[in-house]
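Undergrad: What would the 3D arrangement of this be:
(one chain, ligands or ions: 1)
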Amino acid sequence: MKIFLTRKIPDDGIKILKNAGLDIEIFPYDRIPKKEEIIAGIKDADALISLLADRIDKEIIDSAPKLKVIGNYAVGYNNIDVEYAKKKGIIVTNTPGVLTDATADLTFALILAAARRVVEGDKFMRQRKFKGWAPTLMLGKDVWGATIGIIGAGRIGQAVAKRAKGFNMRILYYSRKRKEEMDGLGAKFVSLEELLRESDIITLHVPFTPDTRHLIDYEEFEIMKDGAILINTARGEVVNEEVMLKALKSGKLFAAGLDVFYNEPKVNPELFKLDNVVLTPHIGSATERTRRKMAEMVCSDVVRVLRGEEPMNRVV
Ligand code: DGY
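TA: Numbers count the residues shown, from 1 in each chain. Take a look at the predicted model:
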């Protein structure tokens with residue numbers, strides 16, 4: 001049986017595919033493959049391992065008559081037309097759990113960097129602008145003791161709450177339903193409106209679905225505190241980017257920390273002009289250990305499906 005991978009992933013995963021005796025084809029270049037390149041790779045494949053950067057749509061799915069499983073090397077799977085895959089009897093798997101802490105760590109890195117102007121300070125130093133300690137030089141916002149609003153109370157939202165506890169923060173959360181785990185961490189379940197009104201730092205941990213598209217839009221920015229900080233390690237499309245840009249320029253937002261963007265890998269050039277934005281290239285799960293675990297997880301599940309077994313992390 002043949003498997004096509006749209007990019008090289010860590011050997012921990014490849015070994016599993018080899019041991020299963022699969023015929024492995026890996027897209028040979030270190031870039032996102034074009035649609036026709038994915039189609040060429042999967043036309044005779046039984047399995048596909050895709051990245052969140054690959055758009056696996058109807059046309060791609062239809063080009064692979066033997067395809068039985070798509071393993072997405074990510075926890076998010078909004079890049080795949082999962083409903084269509086389901087209709088065609090193709091199983092889709094993802095990699096939840098193993099990237100929770102890495103993503104929560106990056107969320108905190110962005111919170112601290114945005115609140116304390118770390119990147120701006122680094123740039124200032126490299127530009128040789130530091131002329132000595134000054135009472136009002138690069139004043140930021142307190143993280144210790146601040147109110148954090150966590151939107152989404154799944155694994156990553158909970159891991160962020162654990163870290164927030166260590167920073168003595170007042171923790172508010174909003175999600176579709178109340179979560180015992182969050183309550184157990186001392187977090188308070190509130191409406192989206194209350195969260196936006198009360199939080200000094202707002203952080204997003206929801207999947208991107210039609211329901212969460214522009215969850216943070218005009219009205220939500222209006223309700224936010226003046227000088228709030230917005231962190232997005234979820235998906236760019238959850239926030240209306242144009243409104244966010246206006247809020248960053250007007251000072252409504254003190255700062256933003258963004259790991260995800262509209263139409264990645266494109267990034268709105270307006271963001272590059274702003275000093276109060278910290279930008280990272282979608283590296284929420286990018287630690288060596290996490291990426292190795294993700295590789296093991298996605299490959300084991302694909303092998304399970306090809307053997308006719310139930311995968312551990314089935315999306316559809
Ligand atoms: C994922 O895996 O969906 C995350 O966006 C990684 O950062």
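Undergrad: Identify each buried residue in the longest helix anywhere in the chain, please.
TA: Looking across the chain with DSSP state H, the single longest helix is helix 288-306. Within helix 288-306, the residues that qualify as buried are 290-306, counting by 16 or more other CB atoms under 10 Å. For the C-beta atoms, the positions are set from N, CA and C on the backbone; glycine is no exception.
Undergrad: Break down the stretch 151-300 of the chain into its helices, ranges please.
TA: Secondary structure of the stretch 151-300 of the chain by DSSP state H, counting those that start in this stretch: the helices cover 155-166, 180-184, 192-198, 218-223, 241-250, 269-272, 288-306.
Undergrad: Quick check: which of the ones you listed is nearest to Asn79?
TA: helix 288-306 (13.8 Å; CB to CB).
Undergrad: packing partners for the closest one?
TA: When contacts are defined as 3 or more CB pairs under 8 Å, 6 or more residues apart in numbering; DSSP states H and E, helix 288-306 sits against helix 11-19, strand 47-50, strand 69-72, strand 91-93, helix 100-115.
Undergrad: now the ones you listed as JSON lines including mean pLDDT and mean neighbour count?
TA: As requested, the helices and strands packed on helix 288-306 are exported to JSON lines (pLDDT from 0 to 100; neighbours: other CB atoms under 10 Å):
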{"stretch": "helix 11-19", "mean pLDDT": "98", "mean neighbour count": "16"}
{"stretch": "strand 47-50", "mean pLDDT": "98", "mean neighbour count": "28"}
{"stretch": "strand 69-72", "mean pLDDT": "98", "mean neighbour count": "28"}
{"stretch": "strand 91-93", "mean pLDDT": "98", "mean neighbour count": "24"}
{"stretch": "helix 100-115", "mean pLDDT": "99", "mean neighbour count": "22"}
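Undergrad: Go through the helices of the stretch 151-300 of the chain and name the closest to the ligand.
TA: helix 288-306 (7.7 Å; CB to the nearest ligand atom).
Undergrad: Can you name the residue of the stretch 151-300 of the chain nearest the ligand?
TA: Relative to the ligand, the nearest point of the stretch 151-300 of the chain is Gly284 (2.7 Å; CB to the nearest ligand atom).
Undergrad: what does the longest helix of the chain rub up against?
TA: Here helix 288-306 makes contact (CB atoms under 8 Å, 6 or more residues apart in numbering) with 1, 3, 9-14, 16-17, 20, 22, 46-47, 49, 68-69, 71-74, 91, 93-95, 98-99, 101-102, 285, 310-314.
Undergrad: what pLDDT does Lys68 get?
TA: For Lys68, the pLDDT comes out at 98.
Undergrad: Is it in contact with Ile42, as I believe?
TA: No. Lys68 sits out of contact with Ile42 when judged by CB atoms under 8 Å, with a separation of 11.3 Å.
Undergrad: More neighbours: these two, which one.
TA: More crowded of Lys68 and Ile42, by other CB atoms under 10 Å: Ile42, with 26 against 18.
Undergrad: which one is that one nearest to, not counting chain neighbours?
TA: Nearest-residue entry for Ile42: Ala64, 4.2 Å, with adjacent residues in sequence omitted and distances by CB to CB, 6 or more residues apart in numbering.
Undergrad: Hmm, that neighbour is touching Lys43, no?
TA: Yes. Counting by CB under 8 Å, Ala64 touches Lys43, with 6.1 Å between them.
Undergrad: of the two, who's got more company?
TA: Counted by other CB under 10 Å, Ala64 and Lys43 do not tie: Ala64 has more neighbours, with 23 against 14.
Undergrad: which residues does that one contact?
TA: By CB under 8 Å, 6+ apart, the contact set of Ala64 is Ile39, Ile42, Lys43, Asp44, Ala45, Leu48.
Undergrad: What about these, which are in helices?
TA: Counted as lying in helices by DSSP H, out of those, are Ile39, Ile42.
Undergrad: end to end, how far does stretch 127-140 reach?
TA: Using CA to CA, to the nearest Å, the end-to-end distance of stretch 127-140 comes to 20 Å.
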